[in-house]
Each structure stands twice: as structure tokens, then as C-alpha cells.
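1. Structural data only, the sequence is not supplied:
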């Protein structure tokens, strides 16, 4: 059964452009090299300024554990976190499964 990691965080408005640049140029290529599969990455348009939401898909809990462990131990990721960590506020993580009436169509 697929599991989904739901990540939400905010940035102060003056940090958004720098964060987006680091994410696009440095972090996203690393995520892809580790086999991470984004369902989507969104930025709030109306509502809380500087809010981002990411949803990542994993084949099952074992796939999540393997990829998450690889991600958190990758020296490239740790170096990126040194740059982005001070920019990020209020980060939350949820691990979810589809409701019994249907898997998302992505």
C-alpha cells in the first residue's frame, strides 16, 4: 500500500526567492537522484504568505524508511540544510495512506 509524506512549512517573505533558488538548483536534483517521487510541490497563492506544501509518494512503509534514511544521511542534503534551515519556520510532517474508498489518481 502506497504511503504519502505531507510536508508543510513557511518562509518569511524576504527568504522565498533564495529558498526557491536553492531548492530548484541544489535540493531537487538530490531528491530525484535518491528516487524521491513528488506528487506535487505547491506554494500558497492566497492565504498564509510564504507557505509551501510538498507531497511525496512511496511504494510502502519500507520504501519510505529506506529513502528517508538515505536522504537524512546524505552529505549533500546536510549541506543544503545548513543553508535552508535558518530560512524555514513551522515545519510539519505527516505520513498518510489513502482512505479506503480510493487511491489518489496521480
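-> Nice, I can see it. Keep in mind the model is a prediction, meaning the values are calculated, not measured.

2. and stretch 34-46, which residues are buried?
-> If you call a residue buried by 16 or more other C-beta atoms under 10 Å, then stretch 34-46 has these buried ones: 36, 37. C-beta coordinates here come from the backbone N, C-alpha and C atoms, glycine included.

3. after whichever helix in the chain runs longest, next one along is what?
-> Longest helix in the chain by number of residues (criterion: DSSP state H): helix 61-73. Once the chain leaves helix 61-73, the next helix or strand it forms, by DSSP states H and E, is helix 75-84.

4. list the helices and strands the following helix or strand past that following helix packs on?
-> Next along the chain after helix 75-84, taking DSSP H and E as the criterion, comes strand 88-97. If you count contacts as 3 or more C-beta pairs under 8 Å, 6 or more residues apart in numbering; DSSP states H and E, strand 88-97 packs onto strand 3-11.

5. Show me the contact partners of the strand it packs on.
-> Strand 3-11 has contacts (C-beta atoms under 8 Å, 6 or more residues apart in numbering) with 19, 39, 48-58, 60-61, 63-64, 68, 87-98, 104.

6. what do you get for stretch 27-38?
-> With contacts defined as C-beta under 8 Å, 6+ apart, stretch 27-38 is touched by 54-58, 67, 70-71, 74, 76-77, 80, 84.

7. What's the ChimeraX line that selects buried ones from those?
-> Filtering the contacts of stretch 27-38 down to the buried ones (16+ other C-beta under 10 Å) takes a single ChimeraX command:
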select :54,55,56,57,58,67,71,77,80,84
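
8. just curious, which of the contacts of stretch 27-38 is nearest to residue 44?
-> For residue 44, the nearest member of the contacts of stretch 27-38 is residue 54. The distance, counting by C-beta to C-beta, is 12.4 Å.

9. What residues does the closest one make contact with?
-> Counting by C-beta under 8 Å, 6+ apart, residue 54 touches 5, 6, 7, 8, 38, 40, 41, 42.

10. did I read that right, it in a helix?
-> No - assigned with DSSP: H, G, I helix; E, B strand; the rest coil, residue 54 falls outside any helix and is strand.
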